[in-house]
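Chemist: pasting a predicted model and its sequence here:
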There are 2 protein chains.
Amino acid sequence: MDKSKSRHITNPARRTFLKQAGMGAAASMGLWPAVLTSCTGADGKNSKIVKYFSEGDVILFQGDSITDAGRDKNQQLPNHARSFGMGYAYILAAGLMKDLADKDLTFYNRGISGNKVYQLAERWQEDCLDLKPDILSILIGVNDYWHMRNGRYDGTPEVYEEDYRELLNRTKSELPDIKLVICEPFVLTGTSAVDEYWLEPFGEYQEIASKLAGEFDATWVPFQKAFTEAAGIAPPVYWTHDGVHPSMPGCQLMAETWLNALD
Amino acid sequence: MDKSKSRHITNPARRTFLKQAGMGAAASMGLWPAVLTSCTGADGKNSKIVKYFSEGDVILFQGDSITDAGRDKNQQLPNHARSFGMGYAYILAAGLMKDLADKDLTFYNRGISGNKVYQLAERWQEDCLDLKPDILSILIGVNDYWHMRNGRYDGTPEVYEEDYRELLNRTKSELPDIKLVICEPFVLTGTSAVDEYWLEPFGEYQEIASKLAGEFDATWVPFQKAFTEAAGIAPPVYWTHDGVHPSMPGCQLMAETWLNALD
């Protein structure tokens, strides 16, 4: 595993120039919007995002298949397309690496398809704590419900809550300064795998994730609202064919929702 | 091959609502910047991009390994992550599908690793003309030079120009209303495969591509300038390890440069 922070050398001369010219990172490069509109964060959103990331930060994406997104697990390199798969984590890492190129950020993806919370716990030492992330983003829960629903798992909402809380406590105890981002598990009905009977029981899992975000002072990413609203613009299957796994525009929607949630 | 345009059903009720509310696509959804900044194109860039794409447009990305980006060639589905690989075409298609969700756009990627212009020509009927693109984006040329340089190909700049012009004539003759986007082939020195001796001879290929963009009234995407400028912010290898294939931030840079070039 390549955990070197120095893989991407920064350019001190360039940074000095920007500082001397009175240009912060937001003004000099901006996030996507700046490039497209020359509008460098009229409402302060851009500078909020820029400030969220410190120089040398290690950012880890954790979760299930939605995070995995078909990544190559043979090498698991940081900042490397094949190791990132084709999902929201790729879009986020590519965009942030481009816009914050002077911050020497290191991005890892360690999502694994099919995972539930207890399976994150089983690999947490190697796939989280050893990587010493400064920022940890977790999206987990849909399989905790889905696999129970289809008889492949005997977990309950209580087990989800207990396992998840224990995982977060373990993380904070080992890495007290970590910044946590807890993502809301989401579904869309009117798709190939999800019908209306999911909503009430799955809502319990969503509420637990939200409650834990509050308990652990984590950034909360409201994916359900984003997908529900998007389904008013194009049909649910446009955003996620089976109601669980996002399409290409679904991944872009997730990346934008994640960025907007940062505080 | 799935060429159905109706795969993604639009939502007429929603579109009617937006029209009645006096909100165009730019105001209602915006491109990435709007989502992040609530700044819906102060300089008109966003609305220019929105207007460039018409409802039902088919967009085709063509080229070599930079466009291919590890895409799965078994199915070659439109609007599908695995069929798009992990490159600029994925970032562009995901972003545009999200922001223009009411336009029912169809995106194909048909880049193939190692291709030179004559190899595009060999598969042009199946991999371009049969798909009937409304918008065709081509990035080709680095192998025309590179493979000649390392003795694997006997082409010259003249062959590149002749083959490329013939390909474009054939395309315009078959699809007279097509909108062409010609991307500049690019390299960065100070990387593992590209040194300063590339610049002058490779520049001939870049000039030819630019000249053809003018001849065919195509949108010209100035990738070389984008990468050269980016190399002032972070080292060349941050954007492309070997000087030819873009990294994750390199792919994001390409996607933004491509969008900015639209007219």
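Modeler: Received, thanks.

Chemist: which stretches in chain A count as strands?
Modeler: Secondary structure of chain A (DSSP state E): strands located at A:58-63, A:106-109, A:135-139, A:179-183, A:219-221.

Chemist: check the offset of the first one from the chain's centre.
Modeler: Shown here is strand A:58-63, whose average C-alpha point lies 7 Å from the average C-alpha point of the whole chain (C-alpha atoms, centre = their mean, to the nearest Å).

Chemist: export it as PDB, just CAs?
Modeler: C-alpha atoms of strand A:58-63 as PDB (Å, rounded to 0.1, in the frame of the first residue of the first chain):
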ATOM      1  CA  VAL A  58      -5.500  12.400   3.600                       C
ATOM      2  CA  ILE A  59      -9.100  11.800   2.600                       C
ATOM      3  CA  LEU A  60     -10.700   8.300   2.800                       C
ATOM      4  CA  PHE A  61     -13.900   7.100   1.200                       C
ATOM      5  CA  GLN A  62     -15.500   4.100   2.800                       C
ATOM      6  CA  GLY A  63     -18.600   2.100   2.100                       C
END
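
Chemist: name the helices or strands packed onto it?
Modeler: Helices and strands touching strand A:58-63, by 3 or more C-beta pairs under 8 Å, 6 or more residues apart in numbering or on different chains; DSSP states H and E, are helix A:88-99, strand A:106-109, strand A:135-139. Bear in mind the C-beta positions are built from the backbone N, C-alpha and C, glycine included.

Chemist: partners of that strand, with directions?
Modeler: With DSSP bridges as the test, strand A:58-63 is paired with strand A:106-109 (parallel), strand A:135-139 (parallel).

Chemist: show me the helices in the stretch 51-200 of chain A, by range?
Modeler: A:65-68, A:88-99, A:117-122, A:124-127, A:142-149, A:157-174, A:199-215 (DSSP state H, counting those that start in this stretch).

Chemist: just say which of these is most tucked in.
Modeler: helix A:88-99 (a mean of 28; mean count of other C-beta atoms under 10 Å in any protein chain shown).

Chemist: and residue A:64, which of the helices and strands packed on strand A:58-63 is closest to it?
Modeler: strand A:135-139 (7.2 Å; C-beta to C-beta).

Chemist: with just CA atoms, put the closest one into CSV.
Modeler: Written as CSV, here are the backbone C-alpha positions of strand A:135-139 (Å, rounded to 0.1, in the frame of the first residue of the first chain):
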residue,chain,number,x,y,z
ILE,A,135,-11.1,13.2,6.6
LEU,A,136,-13.2,10.1,6.6
SER,A,137,-16.4,9.8,4.5
ILE,A,138,-18.6,6.8,5.1
LEU,A,139,-21.7,5.7,3.2
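
Chemist: kindly provide the whole-number mean pLDDT of that strand.
Modeler: The pLDDT scores in strand A:135-139 average 98.

Chemist: next, the angle from it to helix A:199-215.
Modeler: 170 degrees (axes from the mean of the first three to the mean of the last three C-alpha atoms, to 10 degrees).

Chemist: what's strand A:135-139 in contact with?
Modeler: For strand A:135-139, contacts defined as C-beta atoms under 8 Å, 6 or more residues apart in numbering or on different chains pick out A:53, A:57-64, A:66-67, A:111, A:120, A:128, A:171, A:175, A:178-183, A:185, A:221, A:223, A:258.

Chemist: hmm, back to that, want to throw the strands of chain A into TSV with mean neighbour count?
Modeler: Shown next, in TSV, are the strands of chain A (neighbours: other C-beta atoms under 10 Å in any protein chain shown):
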stretch	mean neighbour count
strand A:58-63	25
strand A:106-109	26
strand A:135-139	24
strand A:179-183	23
strand A:219-221	20
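
Chemist: now these in a markdown table, with distance to residue B:99?
Modeler: Converted to a markdown table, the strands of chain A look like this (distance: least, C-beta to C-beta, whole Å):
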| stretch | distance to residue B:99 |
| --- | --- |
| strand A:58-63 | 23 |
| strand A:106-109 | 24 |
| strand A:135-139 | 23 |
| strand A:179-183 | 21 |
| strand A:219-221 | 19 |
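
Chemist: ok, residue A:229 - how many residues close by?
Modeler: Residues near residue A:229, counting by other C-beta atoms under 10 Å in any protein chain shown, number 11.

Chemist: so residue A:92 touches residue A:260, yeah?
Modeler: No. Contact criterion C-beta atoms under 8 Å: residue A:92 and residue A:260 do not qualify, at 11.7 Å.

Chemist: stretch A:243-263: which residues count as buried?
Modeler: A:243-262 (16 or more other C-beta atoms under 10 Å in any protein chain shown).
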